[in-house]
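Participant: Have a look at this fold, sequence not included:
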């Protein structure tokens, strides 16, 4: 059987459906899963074990047999904890078949097969009775169904069904309850991830300003939460307008409802300012008394001496209010958290709220302006970066002439507007999707440019001379940014577009950026390496089988790949100087043959060589460079600062995935990097050497 998987194609700039082996999807999900991250989360594991011991103890004290239902068992770890704590039997439910099969092997290896039954089903399909999956209902419910938003993995429907059909009334639950907290803040940086700010352009004929269309100003934004490592956001980036408050709690030992609901809290602002963003997180109490707590609270809500566990499977939430609202210190406002069965959103209101006037259900926010469909949150931040815009303006001023016929190739870029304001004779923009076409129409209309800049909704290879008014393009521009790109080199689609457009360009065409270069650097991560590190023994249980499963998936088709990560959220230090691997000359067309480079990188600092980071730099004109990766190495210790607007490519060395292969204090890293023009992909291999 064959399956089809969506993949970004750097050659076409589109997501294409590729036919893959039936095991491909499984291997990709396993390789990129958070199983290792969760099992390396010592705080999580310890608190769960403590809560399970306490729950089994309470059942035993009542003189009852302890029958456990573990929903989303994964490796079977929590079930093995329960049996070790004295449970008589565990039903462990896991819907993902490869994981369920691995759990069976892990449970058997640890000697618990006679007390743990792995059920490879969704929990809502589990049956109870003499011929069912479970002989009887359970009196202890153990789950780990949570994501950063708490309910995004379908926890509420699963709990609702379990209480109705799979567990006894008044059962013990681990965790016992979850509590969601919120804090109202003003933050220009975070607000720049959600709205387009006015852009000022100093032109020869005076100051110009690019404004966003009204639809964008009033748009509630993207419906999905923005989950980030809030512990990497400095206090200077936001101003807290309120204390953190409890928004709502869910008691998992009682019947849970998936029905839409809302919870309102009255806030007394401690500062005056613009309410723009709600920061949110949760904690879980593993026992009814709340003495065993696992919390996601960020650093500024904790005591300075408190140790903050690192985790990537659970982070913190940034929610954007539909509009910024001025609040006054001491004048109360009402913050309402709405949720359906999978997501949460917030609304701020002033004055008294009459319960009778509250709608039974408020629809979750949906983007109406289309900008949030085309631009992700980092892209908004990129467009709002005044220094970056100033560099593009400076570069355009160097290459633009009064008679320039300008063509822009990017997804929803503001470069065509800049080019027009700076004096290009005629400006075209190539928008390959209906969404980007529609958005650019709105932006041009808001800036009275609908008759000044022509939008062409075509792929580059389909462009005709008549589309350009039978004129040749003398200036080809791009940021480049394409919404389908995942890895840094995927934006080389600009080069393929330039190649396809060659016969529409003048012989002396100027291309901006002139070129791109691929850079790499060897780093030591503070924590990110844990997501790929094998667990071995976890809380006394042998989970080597899971480690081997993940390793096999990473090696599937003998191909290991770099993966995208926003490294501003994941501190690391450089162990080597940056190395320029390739330069891609956009003045020329894409070559026909594979480009390959081999070399050695000397390690300048001592540390654990966790992996290589790769990024692109774009030379706009000879003296102006835009980096999508390293901004600077900040001090002699090598701590790195990364651009917050892009994800970088991370290639984890085998020293992370196979610690037994670690070479102590390597002095050199050998590398082979290749660029295949036929696929647009970059392949790489690294070897640590003494």
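Facilitator: Noted; the coordinates are in hand. Note that the structure is a prediction, hence the values are computed from the model and not measured.
Participant: Check which residues of the longest helix belonging to the chain are buried.
Facilitator: Criterion DSSP state H: the longest helix present in the chain is helix 42-61. Neighbour-count burial for helix 42-61, counted by 16 or more other C-beta atoms under 10 Å, picks out 44-45, 47-56, 58-59. The C-beta positions use only the backbone N, C-alpha and C, and glycine is treated the same way.
Participant: which stretches of the stretch 101-250 of the chain have low pLDDT?
Facilitator: Judged against pLDDT under 70, the stretch 101-250 of the chain has no low-scoring part.
Participant: cool, and the chain?
Facilitator: In the prediction, the chain carries residues with pLDDT under 70 at positions 1-8, 12-35, 353-362, 556-559.
Participant: at 80 instead, please
Facilitator: Per-residue confidence of the chain (counting by pLDDT under 80) places the weak regions at 1-36, 351-363, 553-560, 634-636, 660-664.
Participant: which non-adjacent residue is nearest residue 365?
Facilitator: residue 220 (3.5 Å; C-beta to C-beta, 6 or more residues apart in numbering).
Participant: list the contacts for that neighbour?
Facilitator: For residue 220, the contacting residues are 322, 365, 366, 367, 368, by C-beta atoms under 8 Å, 6 or more residues apart in numbering.
Participant: Can you flag the buried ones in these?
Facilitator: Taking 16+ other C-beta under 10 Å as the criterion, what is buried in the contacts of residue 220 is 365, 367.
Participant: Of the contacts of residue 220, which is the nearest to residue 677?
Facilitator: residue 367 (36.0 Å; C-beta to C-beta).
Participant: How about the secondary structure of the residue nearest to residue 365?
Facilitator: Secondary structure of residue 220, reduced to three states by DSSP: H, G, I helix; E, B strand; the rest coil: coil.
Participant: same check, this time on residue 103
Facilitator: helix.
Participant: Going forward, count from 273.
Facilitator: Got it, the first residue is 273 from now on, which makes the last one we talked about residue 375.
Participant: Grab the nearest non-local neighbour of it.
Facilitator: residue 348 (4.0 Å).
Participant: Is it correct that that neighbour is in contact with residue 364?
Facilitator: Yes - counting by C-beta atoms under 8 Å, residue 348 touches residue 364, with 5.5 Å between them.
Participant: Can you work out which residues contact both of those two?
Facilitator: Between them, residue 348 and residue 364 have 342, 375, 379, 388, 390 as joint contacts when contacts are counted by C-beta under 8 Å, 6+ apart.
Participant: so what does the helix or strand harbouring the last one touch, helix or strand wise?
Facilitator: When elements are assigned from DSSP states H and E, residue 390 belongs to strand 388-391. For strand 388-391, the helices and strands in contact under the criterion 3 or more C-beta pairs under 8 Å, 6 or more residues apart in numbering; DSSP states H and E are helix 349-356, strand 361-365, helix 369-381.
Participant: Name every sheet partner of that strand and say whether each one runs parallel or antiparallel.
Facilitator: For strand 388-391, sheet partners with direction are given as strand 361-365 (parallel), following DSSP bridges.
Participant: Tell me how far the strand it pairs with lies from the chain's centre.
Facilitator: The gap between where strand 361-365 is centred and where its chain is centred comes out at 32 Å by C-alpha atoms, centre = their mean, to the nearest Å.
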